[in-house]
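Q: Could you look at this predicted model? Sequence included:
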Amino acid sequence: MTIKSLVLLPDPVLRAKSEPIEDVGEDVQTLADDMLETMYDAPGIGLAAIQVGIPRRLLVVDCSKEDEEKNPIVVINPEIVASSDERSTYEEGCLSIPDYYAEVERPAQVTVEYVDREGKKQRIEADGLLATCLQHEIDHLNGVLFIDHISKLKRDMVIKKFTKLAKSRGGTRL
């Protein structure tokens, strides 16, 4: 397994819409494993393939607490098929926007249909942190960042800050 480089704001790759995965082969298995290792190393609780520069509809999540056994979920070609009218707010962060957090309101529960790492269709009904995490990562697959859910003023400030940082670093990869 390999730890991948993370794509950082303002890299335009983050705004690309990811392509569906046609075949869950060895390449997808390897990518999922690399993404899990990258996510745990960062550390984070979710990672979309686009965040490592690969525009494919694949994400990984693990919302287990530090003192709990790891519970990784590999999600391929996810679609939100239902969401609650009830809303919840979480302070979100993103591995592609390091050290920036903001309150984001999203549906409290979602139902997601996807294909697992064995190529089998699955359906998950999620609430709480898992629901938020799945929505956040699925947004990534559609070229949407969590900062798109905050005020334009705050979003513009974050983009300006990260654009300046990228110029001083000489790139938008970590």
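A: Cool, got the structure.

Q: most centrally placed residue in this protein?
A: What sits nearest the mean C-alpha location of the chain, by CA atoms, centre = their mean, is residue 137, with 2.9 Å.

Q: helix or strand for the closest residue to that residue other than its chain neighbours, which one?
A: Among residues not flanking residue 137 along the chain, residue 59 sits closest, at 4.1 Å (CB to CB, 6 or more residues apart in numbering). The C-beta positions use only the backbone N, C-alpha and C, and glycine is treated the same way. Per DSSP states H and E: residue 59 is located in strand 58-61.

Q: number of nearby residues for residue 82?
A: 12 (other CB atoms under 10 Å).

Q: hang on, isn't residue 88 packed against residue 132?
A: Yes - counting by CB atoms under 8 Å, residue 88 touches residue 132, with 7.1 Å between them.

Q: hmm, back to that, report the strands that pair with the strand holding residue 59, each with its relative direction.
A: Sheet neighbours of strand 58-61, with direction, are listed as strand 46-48 (antiparallel), strand 73-83 (antiparallel) (DSSP bridges).

Q: Now distance to residue 143 too, for those strands, in a markdown table please.
A: A markdown table is the format used below for the strands paired with strand 58-61 (distance: least, CB to CB, whole Å):
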| stretch | distance to residue 143 |
| --- | --- |
| strand 46-48 | 10 |
| strand 73-83 | 15 |
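
Q: Please produce TSV containing those, extended by distance to residue 157 and mean pLDDT.
A: Output for those, formatted as TSV (distance: least, CB to CB, whole Å; pLDDT from 0 to 100):
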stretch	distance to residue 157	mean pLDDT
strand 46-48	24	98
strand 73-83	29	98
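
Q: tell me the most buried of those strands?
A: Ranked by mean neighbour count, the strands paired with strand 58-61 are led by strand 46-48 with a mean of 29 (mean count of other CB atoms under 10 Å).

Q: For that one, what is the distance to the chain centroid?
A: Mean-position distance between strand 46-48 and its chain equals 3 Å (CA atoms, centre = their mean, to the nearest Å).

Q: so where is this structure shaky, pLDDT-wise?
A: 171-174 (pLDDT under 70).

Q: cutoff 80 now
A: Residues of the chain that meet the criterion pLDDT under 80 lie in 1, 169-174.

Q: So which residues of it form strands?
A: Secondary structure of the chain (DSSP state E): strands at 46-48, 58-61, 73-83, 87-94, 97-107, 109-115, 121-127.

Q: hmm, back to that, in terms of contact, does the residue nearest to the centre of the chain touch residue 47 like I think?
A: Yes - counting by CB under 8 Å, residue 137 does reach residue 47; the two are 7.2 Å apart.
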